[in-house]
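Undergrad: Predicted model and sequence follow; I will ask about them next.
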Amino acid sequence: MSLESVRYSRGSLAVLNQLLLPHESRYEPVASVKEAWEVIRSMKVRGAPAIAIVGCLSLAVELESNEVKEKDQLVMFILESLEFLVTSRPTAVNMAKAAEQLSAFVHQEAVRANATSESIRKSVIEWAEDLLRKDVEDNKKIGDCGAQHLLQKVPGHPITILTHCNTGSLATAGYGTALGVIRSLHSMGRLAHVYCTETRPYNQGARLTAYELVYEKIPATLIADSMASIAMKEKGVSAVVVGADRVVANGDTANKVGTYQLAIAAKHHGIPFYVAAPSTSCDLRLADGGHIVIEERPSQELTDVNGKRITAQGIGVWNPAFDVTPCDLITGGIITEHGVFSPQELQAALTKVMKEEGKRQKHEA
Ligand SMILES: CSC[C@@H](O)[C@@H](O)C(=O)COP(=O)(O)O
């Protein structure tokens with residue numbers, strides 16, 4: 001069984017505290033929206049899809065246990081809870097998108113003839129549960145589609161991948177995005193090796209990806225971020241595959257800080273650079289990456305190691321958690337659950353999918 005970032009059954013949610021990994025696997029209960037906000041902000045749970053899933057499921061859990069509210073009061077509670085959850089972390093778009101979609105859904109449910117508090121509550125719980133189910137499904141599609149694409153397009157097999165941050169089961173509902181592509185290649189017997197960066201300053205690569213790769217018995221080597229260029233030059237890297245926190249209309253992509261320099265190095269070495277992301281991480285309303293809000297994290301993430309200060313007191317610190325890779329550096333493409341697209345193709349392709357989905361839903365309603 002692969003690692004689980006989230007354990008959910010109706011009325012009960014627990015998250016694996018990722019701050020304790022790889023030394024201890026402790027699941028901590030999340031009984032309310034407020035508790036979800038705190039586990040997301042403190043990064044006990046992190047990764048763009050996992051943030052949205054924990055946020056929405058916490059609302060489902062709170063709805064299951066709360067006393068019955070009058071209909072308008074219930075709708076107000078749901079909308080305010082979603083707004084609050086969006087403030088937990090700003091860069092990943094998944095929570096904001098889920099909040100927007102779920103809010104629209106609640107409005108729609110509330111005006112249905114015969115709508116009651118109970119019917120609204122039930123449909124919101126089911127909506128959140130569906131997000132969990134769909135994320136795993138989409139990740140598997142990303143994994144398979146990305147693996148097939150790389151096998152067709154990338155010379156020299158089996159394939160060696162360099163990846164950044166953590167995009168696996170711990171960052172999603174399961175399977176993973178960039179790590180999903182790696183997992184699929186491995187299960188097909190077509191993966192030679194993975195290089196995972198330690199991902200300073202928060203060390204998602206060293207603490208989490210290395211753990212997932214060892215857990216899954218995938219052949220892998222950990223490198224410091226500063227070793228990425230020499231690894232590309234000397235280690236036969238076939239492709240760089242990373243995840244995303246927000247892909248905007250022109251294909252510019254916000255992801256864990258350090259992604260941008262990997263894309264520059266990949267271009268220099270003629271190595272294709274891929275972003276693997278579900279459509280829930282795509283934000284077509286922003287024209288380009290200049291509009292993305294980049295989260296800045298506390299200075300201690302840089303100045304301290306294991307709670308112990310290693311730098312001189314008084315030094316200034318800048319700690320942006322993400323950077324934006326310009327679309328022209330995403331030379332391989334963007335791997336989604338709907339296919340692999342160049343940054344230039346993405347907007348039209350996803351718009352078409354959304355239109356078809358809208359038509360299908362109208363037909364079913
Ligand atoms: C499938 S996870 C994709 C991204 O969310 C991931 O690459 C990343 O940047 C995570 O950042 P984090 O700060 O750990 O939440």
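TA: Thanks, I have it. If you're wondering where the values come from, they're calculated on a predicted model, not measured in any experiment.

Undergrad: show me what contacts residue 37?
TA: The contact partners of residue 37, taken as CB atoms under 8 Å, 6 or more residues apart in numbering, are 55, 84, 85, 87, 88. No exception for glycine: its C-beta is placed from N, CA and C like everyone else's.

Undergrad: Please, which helix or strand holds the nearest residue in space to the fourth one that is not next to it in sequence?
TA: So the one you mean is residue 87. Leaving out its chain neighbours, the residue that sits closest to residue 87 by CB to CB, 6 or more residues apart in numbering is residue 37, at 7.5 Å. Here residue 37, judged by DSSP states H and E, is contained in helix 33-41.

Undergrad: what mean pLDDT does the helix or strand just after that helix have?
TA: The helix or strand immediately downstream of helix 33-41 is helix 48-65, counting by DSSP H and E. For helix 48-65, mean pLDDT is 97.

Undergrad: List the buried residues in helix 48-65.
TA: Within helix 48-65, the residues scored as buried using 16 or more other CB atoms under 10 Å are 48-63.

Undergrad: Can you list phi and psi of whatever residue of the chain ends up closest to the ligand for me?
TA: Residue nearest to the ligand within the chain: residue 243 (2.9 Å; CB to the nearest ligand atom). Note on residue 243: its backbone torsions stand at phi -90, psi -160 [degrees, to the nearest 10].

Undergrad: Distance check, it against residue 49.
TA: 9 Å (CB to CB, to the nearest Å).

Undergrad: okay, now residue 301: neighbour count?
TA: 16 (other CB atoms under 10 Å).

Undergrad: Hmm, I typed the wrong one, I wanted residue 234.
TA: Residues lying near residue 234 (other CB under 10 Å) number 9.

Undergrad: what ranges of this structure fall below the confidence cut-off?
TA: The model of the chain has pLDDT under 70 over residues 68, 365.

Undergrad: Spell out which parts of it neighbour the ligand.
TA: 46-49, 92, 165, 167, 171-172, 177, 204, 243-245, 255-256, 321 (CB under 6 Å from any ligand atom).

Undergrad: Provide a list of residues in contact with residue 298.
TA: With CB under 8 Å, 6+ apart, residue 298 has these contacts: residue 319.

Undergrad: oh, I was asking about residue 77
TA: The contact partners of residue 77, by CB under 8 Å, 6+ apart, come to 66, 69.

Undergrad: What of the one 3 residues further on?
TA: If you count contacts by CB under 8 Å, 6+ apart, residue 80 has none.

Undergrad: how about the helix ranked longest in the chain: buried residues?
TA: If you go by DSSP state H, the chain has its longest helix at helix 117-153. Across helix 117-153, burial judged by 16+ other CB under 10 Å covers 117, 120-121, 123-125, 127-129, 131-132, 134-136, 138-150.

Undergrad: right, and the helix or strand after it?
TA: Past helix 117-153, the next helix or strand by DSSP H and E is strand 159-163.

Undergrad: okay, the angle between that following strand and helix 117-153?
TA: With axes from the mean of the first three to the mean of the last three CA atoms, to 10 degrees as the basis, strand 159-163 and helix 117-153 are set at 130 degrees to each other.

Undergrad: how far out from the middle of the chain is the helix or strand immediately after strand 159-163 in the chain?
TA: Downstream of strand 159-163, the next assigned helix or strand under DSSP H and E is helix 178-187. Helix 178-187 sits 16 Å away from the centroid of its parent chain (CA atoms, centre = their mean, to the nearest Å).

Undergrad: Which strands or helices does helix 178-187 pack on?
TA: In terms of contacts (3 or more CB pairs under 8 Å, 6 or more residues apart in numbering; DSSP states H and E), helix 178-187 is packed against helix 117-153, strand 159-163, strand 191-197, strand 239-242, strand 273-276.

Undergrad: could you redo the last one with a cut-off of 10 Å?
TA: helix 117-153, strand 159-163, strand 191-197, helix 210-215, strand 239-242, strand 273-276, strand 333-336 (3 or more CB pairs under 10 Å, 6 or more residues apart in numbering; DSSP states H and E).

Undergrad: Check which residues of it are buried.
TA: Within helix 178-187, the residues that count as buried by 16+ other CB under 10 Å are 178, 179, 180, 181, 182, 183, 184, 185, 186.

Undergrad: Reformat those into JSON lines and put distance to residue 286 next to each item.
TA: Listed next are those as JSON lines, based on distance: CB to CB, whole Å:
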{"residue": "178", "distance to residue 286": "22"}
{"residue": "179", "distance to residue 286": "26"}
{"residue": "180", "distance to residue 286": "25"}
{"residue": "181", "distance to residue 286": "25"}
{"residue": "182", "distance to residue 286": "28"}
{"residue": "183", "distance to residue 286": "30"}
{"residue": "184", "distance to residue 286": "30"}
{"residue": "185", "distance to residue 286": "31"}
{"residue": "186", "distance to residue 286": "34"}
